[in-house]
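Participant: Quick one, what's the 3D model for this:
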Amino acid sequence: MLAVVVFALMLVTEPLLGQNVSEPNTVKELSSVALPPDLERVIRDYERAWRAGDAVALASLFSEDGFVLQSNRPPIRGRAAIQAAYDGQGGGPLRLRAFAFAAEDTVAYIIGGYGYGNKPSDTGKFTLTLRRAPGKPWLIYSDMDNQNAAPPHRGAPHTPSSPDSPPTQ
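Facilitator: Presented below is the predicted three-dimensional model:
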């Protein structure tokens, strides 16, 4: 009976163990693509504002109802909230580059990588979705980014022993 239980546990847990296999270090960095000038302006203005630590300038790159979607943080929506979120951030030598893009009439996107300073590889990746009124400059509708490094391993959440216990993470 014990052998059957052990075998059954192996069958159930084997697929889960396979999900934790780390990727080989042979992943090639994606090549950069040239952006049209009106899209290039967006990422260069973003770099300049970030380097200056200028939350007002950063927020001005977003539409009034835009989003910032950063790793390990709740979504931020609206230019005023974006400005408040960026206040105190920035000031580093941010470097942005594009992997892919598309643009039509009033909607566009840029997918790319980011890093800092002269480091040759990207620290993370981002997607920008952009909107504009006809004949107007592009504004960021959403900015989503995350780092390339794997997050630290987190164990299974602890179940509180009573309803009065605070949740643990």
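
Participant: And the lowest mean pLDDT element among the helices and strands of this structure?
Facilitator: Across the helices and strands of the chain, mean confidence by mean pLDDT, DSSP states H and E is lowest for helix 2-18: a mean of 47.

Participant: just how off-centre is the helix or strand just after that one within its chain?
Facilitator: Next along the chain after helix 2-18, taking DSSP states H and E as the criterion, comes helix 37-52. Computed by C-alpha atoms, centre = their mean, to the nearest Å, the separation of helix 37-52 from the middle of its chain amounts to 17 Å.

Participant: send the alpha carbons of helix 37-52 over as PDB?
Facilitator: Only the C-alpha atoms of helix 37-52 are listed here, as PDB (Å, rounded to 0.1, in the frame of the first residue of the first chain):
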ATOM      1  CA  PRO A  37      10.500  59.600 -35.400                       C
ATOM      2  CA  ASP A  38       7.100  60.100 -33.700                       C
ATOM      3  CA  LEU A  39       7.400  56.900 -31.700                       C
ATOM      4  CA  GLU A  40      11.200  57.400 -31.100                       C
ATOM      5  CA  ARG A  41      10.300  60.800 -29.500                       C
ATOM      6  CA  VAL A  42       8.100  59.000 -26.900                       C
ATOM      7  CA  ILE A  43      10.900  56.700 -25.600                       C
ATOM      8  CA  ARG A  44      13.600  59.500 -25.800                       C
ATOM      9  CA  ASP A  45      11.300  61.900 -23.900                       C
ATOM     10  CA  TYR A  46      10.700  59.200 -21.300                       C
ATOM     11  CA  GLU A  47      14.400  58.600 -20.900                       C
ATOM     12  CA  ARG A  48      15.100  62.300 -20.500                       C
ATOM     13  CA  ALA A  49      12.300  62.800 -17.900                       C
ATOM     14  CA  TRP A  50      13.400  59.700 -16.000                       C
ATOM     15  CA  ARG A  51      17.000  60.700 -15.900                       C
ATOM     16  CA  ALA A  52      16.100  64.100 -14.600                       C
END
